[in-house]
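In: dropping the sequence and predicted coords here.
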Amino acid sequence: MAETMIPSSDLVRYEGGYQDALKKKVIFLKDREDDLLDIVCLASKVDQRFCSISHRDILGALMSLQIDRHSFGDFWIDEDRIYLYSDEHMARFLCKELIRISSLSVHFEQIAEHPAQQFHYRTFEEVIASQRADAIVAALAHVSRSEAKEMIRLGRIQIDHCPLVHADEVCDNDVTISIRGIGRFRFLGVLRTTRKDRIVAEFQQSL
């Protein structure tokens, strides 16, 4: 939404630490010579031989510090390391206060490198009754249409990262559908229709 209203320019930059970052901040520059970039990468070694942690565990540890969710960027686990992007000010706080995730001790330090998260996807086909949002949510979440409508009412569905309000909204190609507790999907398009006039659509899911 921000990029639609405020396109990138000489005075507006979208930065998340690496090119394809999911979370980015908007930086408004003072002039064309301004090279402000305060995003840094933190890393911590982690030993998961006896206790494994997940993305949700890291998020829980961050939220337990009572900081705003928008004050940090992407984070992920890569083998024996956790990477976390933030700005310089918040990084100092995180290095000091983020010392435990679940039952594991961690020690974050700022690193010079800016590693990129490697994203993995699976592509699959799903039969949907129509391109209405509630029909697609029902198929992806494997629930009834009425249950899908209730999920929408409860604010558990996002379309292109914005809360879905109307169950009858029509989904076009390339929209991103996020279902809380289920996953994030991209609607790639309609492949064909069945003899009973149902739609065979192709989706991509982030793993």
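Out: Arrived safely, thanks for sending.
In: the longest strand in the protein is where?
Out: When the chain is parsed with DSSP state E, its longest strand is strand 183-193.
In: could you dump it to CSV, C-alpha only?
Out: Provided in CSV are the C-alpha atoms of strand 183-193 (Å, rounded to 0.1, in the frame of the first residue of the first chain):
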residue,chain,number,x,y,z
GLY,A,183,0.0,-20.2,6.0
ARG,A,184,0.6,-17.7,3.3
PHE,A,185,-0.4,-18.5,-0.3
ARG,A,186,-0.2,-16.8,-3.7
PHE,A,187,-3.0,-17.3,-6.2
LEU,A,188,-1.2,-18.0,-9.5
GLY,A,189,-4.3,-18.3,-11.6
VAL,A,190,-7.1,-20.5,-13.0
LEU,A,191,-5.8,-23.6,-14.9
ARG,A,192,-9.1,-25.1,-16.1
THR,A,193,-12.7,-25.9,-15.2
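In: what's the mean pLDDT across that strand?
Out: Strand 183-193 carries an average pLDDT of 94.
In: next secondary structure element downstream of that strand?
Out: Following strand 183-193 in sequence order, the next helix or strand is strand 199-206 (DSSP states H and E).
In: give the contact list for the residue nearest in space to the middle of the chain.
Out: Taking Cα atoms, centre = their mean, the centroid of the chain lies closest to Leu22, which sits 5.5 Å from it. The neighbourhood of Leu22, defined by Cβ atoms under 8 Å, 6 or more residues apart in numbering, consists of 16, 74, 117. In short, each C-beta sits where N, CA and C put it, glycine included.
In: adjacent strands (with direction) for the longest strand of the chain?
Out: strand 176-179 (antiparallel), strand 199-206 (antiparallel) (DSSP bridges).
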